[in-house]
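Undergrad: Structure for this input, please:
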Amino acid sequence: MRREKDLSKRQQIEESNEKLSLLREQTDKLEAEASELAERRDKLNERFKKLRGETTELKLERDKANEKVRELKLKRDEAKAAIHQRIEELKDIRQEIKNLADKKPSKPLQFLQEQFDSIEWKIQTTSLSLQEEKELVEQVRQTETQLKVYRKLAHLRQKSLELQTEIKTLQAEGKTCHEALTEIAQKSQECHQKMLAKIEESKKIKAEADSLHKTFVQTREKTRPFQEQIAYTLNKMRQLKGEIREEQQKEKKQSEETIRNELEKQAREKLKRGQKLTWEEFQLLAEKGIEP
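TA: Predicted structure coming up:
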């Protein structure tokens, strides 16, 4: 009967082993699927991280370009304001030149200068009467007045040339600033477009990674019933094996007890017949408190 029970339990253990094999196969399949999902998710997250870094770099590059554009615009506007100021000054000077031109003496500059020098020399080197000196001094004053017109015209014309040079320099500077800021603004726009493209790509990759993570969690969740069944089956197998061991030990103990009883009976009969006992029979009777 016990042997039949042992066979039944061993059969259950064998069936449990077969069940465990199937359960582990299904669990391994799901774990492999989950592992593949995790690997794909991690690669996407790594790509997302890289895109975030590239986006940050593009943003910094764009912001730096925009700051440079602002500086160049300010410089260009300052050049425009300076040009406008100098144009107004040039207009005033040209008007003043025009006004002075109407007052320009009929005699040439060289003639007036020679006349001025001649009179001055005469005053300094000739003995003159008071009236003659007075007349010459008046001539010097009149000549000097006419010379001042020429000198003022020369000064204004020089200033006009300087202003024109400054205007050309400022215009060239403004043009350079405008060309530079146009180029940098284009670069800024390109950086901005690249940044937007990477942000859009990042969103798609993040969404895909999140979706894979959700599927990964669901797949891992599917393994739970199998793992519970595996744990249950292993526990059941341990229980069956324990019961078999207990029954085997009980059977062994009973078998040993039967043998001991037989030996004891045999020893008692030998003792009654006065036959010599074996060491084992002697020990057995001694344990029972029987003096051989």
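
Undergrad: For residue 154, see how far away residue 165 is.
TA: Distance, residue 165 to residue 154, using Cβ to Cβ, to the nearest Å: 17 Å. Using the backbone N, CA and C atoms, a C-beta is placed for each residue, glycine as well.

Undergrad: show me where the chain has helices.
TA: Here the chain has its helices, by DSSP state H, at 2-103, 109-125, 130-273, 279-287.

Undergrad: ranking the ones you listed by mean pLDDT, which is last?
TA: The weakest mean pLDDT among these belongs to helix 279-287, with a mean of 68.

Undergrad: Give me the most central residue, the protein.
TA: residue 53 (2.2 Å; Cα atoms, centre = their mean).

Undergrad: which residues does that one contact?
TA: With Cβ atoms under 8 Å, 6 or more residues apart in numbering as the criterion, no residue contacts residue 53.

Undergrad: what does residue 153 give?
TA: By Cβ under 8 Å, 6+ apart, the neighbours of residue 153 are 97, 100, 101, 104.

Undergrad: Relative to residue 219, which of the residues you listed is nearest.
TA: Nearest to residue 219 among the contacts of residue 153, counting by Cβ to Cβ, is residue 97 at 92.2 Å.

Undergrad: Roughly how far does the closest residue to that closest one other than its chain neighbours sit from residue 258?
TA: Closest residue to residue 97 apart from its sequence neighbours, by Cβ to Cβ, 6 or more residues apart in numbering: residue 156 at 5.0 Å. Distance of residue 156 to residue 258, given as Cβ to Cβ: 146 Å.

Undergrad: ok, and the closest non-adjacent residue to residue 222?
TA: Looking at residue 222 with Cβ to Cβ, 6+ apart, the closest residue is residue 30, at 5.4 Å.

Undergrad: Then residue 133?
TA: Once flanking residues are discounted, residue 133 sits nearest to residue 123: 6.6 Å by Cβ to Cβ, 6+ apart.

Undergrad: what about the one you found, how many residues close to it?
TA: The tally of other residues near residue 123 (other Cβ atoms under 10 Å) stands at 15.

Undergrad: got the contact list for it?
TA: By Cβ under 8 Å, 6+ apart, the neighbours of residue 123 are 133, 136, 137, 140.

Undergrad: The last one: how many residues sit nearby?
TA: When you say that, I think you mean residue 140. 16.

Undergrad: so it touches residue 120, yeah?
TA: Yes: counting by Cβ atoms under 8 Å, residue 120 is a contact partner of residue 140 at 6.4 Å.

Undergrad: related to what we said a few turns ago, from the contacts of residue 123, which is closest to residue 82?
TA: Nearest member of the contacts of residue 123 to residue 82, counting by Cβ to Cβ, is residue 140, at 43.0 Å.

Undergrad: where's that closest one relative to residue 146, distance?
TA: Per Cβ to Cβ, residue 140 is found 11 Å from residue 146.

Undergrad: go on, residue 123?
TA: As judged by Cβ to Cβ, residue 123 and residue 146 stand 18 Å apart.

Undergrad: Next: residue 100.
TA: Remark: distance between residue 100 and residue 146 (Cβ to Cβ) = 12 Å.

Undergrad: more neighbours, those two?
TA: Neighbours were counted for residue 100 and for residue 146 using other Cβ under 10 Å; residue 146 has more, 20 against 16.

Undergrad: thought the more buried one was touching residue 107?
TA: Yes: if you go by Cβ under 8 Å, residue 146 and residue 107 touch, sitting 7.1 Å apart.

Undergrad: burial count for residue 58?
TA: Residues lying near residue 58 (other Cβ under 10 Å) number 20.

Undergrad: Sounds good, over and out.
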